[in-house]
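K.L.:
requesting a structural model of the entry that follows:
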Amino acid sequence: MRKTIIIVMALLLMMVLAVPAWASYNYNVSVYVKDGLVAFPDQKPFIDTKANRTYVPLRFVSEALGAEVDWDGPKQTAIVKKDGKVITMKIGSKTPTVDGKTKTLDAPAVLMNGRTMVPLRFVSEALGTKVDWVPPGSVYIDSTVPDTPPSPPTPPPAGTKIINGYTVPLKTDLKVEGTPTGPTYPELSICVNVIKPLEPQYADLRVVLESKFDSATVDKAVNYVKQKTDAYDNLPGKRISANGKTIEIGSNAGNSYIVILIWCST
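P.N.:
A predicted model of the protein is given here:
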């Protein structure tokens, strides 16, 4: 019994360290690194409106600055390496280390949706980078601040979310995943499950593709996907190029998923 209580208490402590009980978040935050807008495929930067503090995902900001990021799961610690400098940041801690020397922040790192979120001050204190905050929601890291700041991003339509710039329905049988963009990663991967009702998935697929492609390209892609309606059907690989991107579609016989990959081809 005592062992069970200890385990439950440990789990509760982990939950407290992972996500503090903030009252509300404002996700209308744009982050620019080296004059480029950073894409966040899952966890977005946000403002803790209760404490008036901005948090950013450590990995995406660090990688945009040219750093390498590793994760030590057992120690709940992110490790950032840049220009010979080694930085560690532990979840729940306000004291990152830079080359073994302790820095003190005004708020701890937190874990949200599997991402290490750090206060904006961490970027300047630990990474030694110039950071500018321009209300109402623009962050410029190692960037030139424009005379007229851009408007904050428009929230996605109700019932949807944004993944790597694509509009994705919240309730869908499609499997949609974003990955770090680059020449070796697709912008988006989509899986249509032929075992589940197909018409709703076709409609949801249109919503996703129409985020970036014209209606003719969307029709071509969806019509090709419709050629497979059974797991035992074979759908040979096909490429459709438009708007500087390439849509790859295919599914082997015996596979219940039709895989759709979207690549940036320019």
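
K.L.:
show the pLDDT at residue 86.
P.N.:
At residue 86, the model reports a pLDDT of 92.

K.L.:
then the one 3 residues further on?
P.N.:
For residue 89, the pLDDT comes out at 90.

K.L.:
need phi/psi at the nearest residue to it once chain neighbours are set aside.
P.N.:
Nearest residue to residue 89, sequence neighbours excluded (Cβ to Cβ, 6 or more residues apart in numbering): residue 96, at 4.4 Å. To be clear about C-beta, it is placed using only N, CA and C from the backbone, and glycine gets the same treatment. Taking degrees, to the nearest 10, you get phi -70, psi 160 for the backbone angles of residue 96.

K.L.:
surely residue 96 and residue 127 touch.
P.N.:
No: applying Cβ atoms under 8 Å, one finds residue 96 not in contact with residue 127, separated by 9.9 Å.

K.L.:
got any residues that touch both of those two?
P.N.:
By Cβ atoms under 8 Å, 6 or more residues apart in numbering, residue 96 and residue 127 have these common neighbours: residue 87.

K.L.:
which residues touch the residue nearest to residue 89?
P.N.:
Shown in contact with residue 96 (Cβ under 8 Å, 6+ apart): 87-90, 102-103, 105, 109, 122, 125-126.

K.L.:
for residue 86, see how far away residue 250 is.
P.N.:
Residue 250 sits at a distance of 43 Å from residue 86 (criterion: Cβ to Cβ, to the nearest Å).

K.L.:
and for residue 36?
P.N.:
For residue 36, the distance to residue 86 - Cβ to Cβ - is 26 Å.

K.L.:
on that earlier part again, closest one of the contacts of residue 96 to residue 191?
P.N.:
residue 109 (32.8 Å; Cβ to Cβ).

K.L.:
for the closest one, what are its contacts?
P.N.:
When contacts are counted by Cβ under 8 Å, 6+ apart, residue 109 touches 58, 78, 89-93, 96, 116-119, 122.

K.L.:
please name the bridge partners of it.
P.N.:
Residue 109 has these beta-bridge partners by DSSP bridges: residue 91.

K.L.:
what about the strands in the stretch 51-200 of the chain?
P.N.:
Here the stretch 51-200 of the chain has its strands, by DSSP state E, counting those that start in this stretch, at 53-57, 68-72, 77-82, 85-90, 97-98, 101-102, 110-112, 115-119, 131-134, 138-141, 160-163, 166-169, 175-178, 188-193.
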